[in-house]
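my questions concern the predicted model and sequence given below.
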Amino acid sequence: MIEQLELVNFKSIDNHVFNFEELNIFTGLNGAGKSSIIQSLLLLRQSHEKHMLPDQGVSLYGEYVKIGTGKDLLFVGADEDCVQIKLTWSEVRELNLSLEYTKGSDMQPLNPDQSGDSGKPFETALFTSQFQYLSADRISPKATYEVSDYAVNQSRSLGIRGEYTAHFLAVNGGEIITIEAFQHPDANNKTLSSNLDAWMSEITPGTKVNARFIPEINQASLHYQFASSTELTQSFRPENVGFGLTYVLPVVLAVLASKPGDLLIIENPESHLHPGGQSLMGKLVSLASKNGVQIFVETHSDHFFNGIRNAVKSGDIECNSVNVFYLSRTTDTATHAANIDEISLDENGKVGYWPPGFFDQWEKSLETLLDL
């Protein structure tokens, strides 16, 4: 498990040490720097996949992140032209990178005298097939979806946008879920497909997801059916059901297919869901985190956050296994730097410290309405 991340002069982060737990939530104002923290992890994976780490440097433009060039990476108020990224794992592993600033290049070389690693960090989930990243820009409803033997069968990946979700489900839907806590009481058996249907039915009642690989055209298809009191409906194309079902499907599948030791990074799991569905996502990631999956989530949803708080209170996850980072920015300082508050929960899911702007819009709106 990643225990600590130290960033120096990384985009809007001037100098900060982040202490991580099993479940790590990043929230805050738009443009305050939430994505920068996640991007630092994705940058390392991207550079490793391009064979630039551990010896050459980092690639700022690729599949996972598109930061730009050195001037886009370096903190605008930096005292020196140097970016540092340091990761520490619980297994006594460490990766310490010092980057030499190259203003106009999308490759930032390592300073070999100040960079190094110990304990074989490149064997951890961040750099292996135990990794899953789902961006906020995910698949939308359409007739067929991409397939990839390498992504699905070799890397167990749904794709960054969830583009291989249909293919993954068609291939792996019959496997037994690894984490017993994912066994839904309404599922017919312990297969991934059956439990996916049961959890998706908490979002839209009676949902059944059908995925099929079509070798003739090297594509995969998705169809939905819905249960009534006596039978299933006909199959519906994704274009003819709610947008939110297809958009959230990769998130639910990624969590249910996870195994102890995996690392999941998910952006906005609550997108296009009604409040109850958003809260359900909070419960699901809590169950995964309690069972050995480390998760990093960026969210704007108080319903998702409250789902986690409820999971703490009900014992689905321990309060000390959740860490919440709230990022904000003010105009009364000379530097364009993020303000970072670390927020903890108690055993009842209660928040000890509510900084201004932290999931407080409901109270503000209610106060305004009560004054009418």
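Looks like it arrived, so ask away.

what comes up buried for the strand or helix carrying residue 253?
Counting by DSSP states H and E, the element that carries residue 253 is helix 243-256. For helix 243-256, the neighbour count (16 or more other CB atoms under 10 Å) marks 244-256 as buried. Bear in mind the C-beta positions are built from the backbone N, C-alpha and C, glycine included.

then stretch 37-57?
Those would be 37-48, 52-54, 57, for stretch 37-57 by 16+ other CB under 10 Å.

list the contacts of residue 98.
Counting by CB atoms under 8 Å, 6 or more residues apart in numbering, residue 98 touches 82-84, 110-111, 114-115.

whoops, residue 248 was the one
203, 269, 271-273, 277, 281.

residue 277 versus that one, what's the distance?
7 Å (CB to CB, to the nearest Å).

now do the shared contacts for the two.
residue 203.

separation between residue 301 and residue 110?
38 Å.

so residue 266 is in contact with residue 294, correct?
No - with contact defined as CB atoms under 8 Å, residue 266 does not count as touching residue 294 (11.8 Å).

contact partners for the most centrally placed residue in the chain?
The chain has residue 266 as the residue nearest its centroid, 1.5 Å off, counting by CA atoms, centre = their mean. By CB under 8 Å, 6+ apart, the residues touching residue 266 are 133-134, 251, 254, 285, 295-298.

same list (the residues you listed) but as CSV, adding secondary structure.
Formatted as CSV, those follow (DSSP: H, G, I helix; E, B strand; the rest coil):
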residue, secondary structure
133, strand
134, strand
251, helix
254, helix
285, helix
295, strand
296, strand
297, strand
298, strand
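
PyMOL command for the buried members of those residues?
In PyMOL syntax, the buried subset of the contacts of residue 266 is picked out as below (16+ other CB under 10 Å):
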select buried, resi 133+134+251+254+285+295+296+297+298
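
which member of the contacts of residue 266 is positioned nearest residue 24?
residue 296 (4.9 Å; CB to CB).

verify the contact between the closest one and residue 26 for me.
Yes - Residue 296 lies in contact with residue 26 (CB under 8 Å); the separation is 7.1 Å.

any common contacting residues for these two?
What both residue 296 and residue 26 touch, as defined by CB under 8 Å, 6+ apart, is the set residue 38.

neighbour-wise, which of the contacts of residue 248 leads?
residue 269 (30 neighbours; other CB atoms under 10 Å).

assign it to helix, strand or coil.
Criterion first, three-state DSSP; result for residue 269: coil.

re the thing from before, just the ones of the buried residues of stretch 37-57 in helices?
Among the buried residues of stretch 37-57, the members falling in helices (DSSP state H) are 37-48.

columns distance to residue 102 and pLDDT on top of the residues you listed, output as CSV?
Listed next are these as CSV, based on distance: CB to CB, whole Å; pLDDT from 0 to 100:
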residue, distance to residue 102, pLDDT
37, 23, 95
38, 23, 96
39, 18, 97
40, 18, 98
41, 22, 98
42, 20, 98
43, 15, 98
44, 18, 98
45, 21, 98
46, 17, 98
47, 14, 98
48, 19, 98
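
relative to residue 364, which of the residues you listed is nearest.
Closest to residue 364, out of all of those and judged by CB to CB, is residue 37, at 26.5 Å.

having no further points to raise, I will conclude here.
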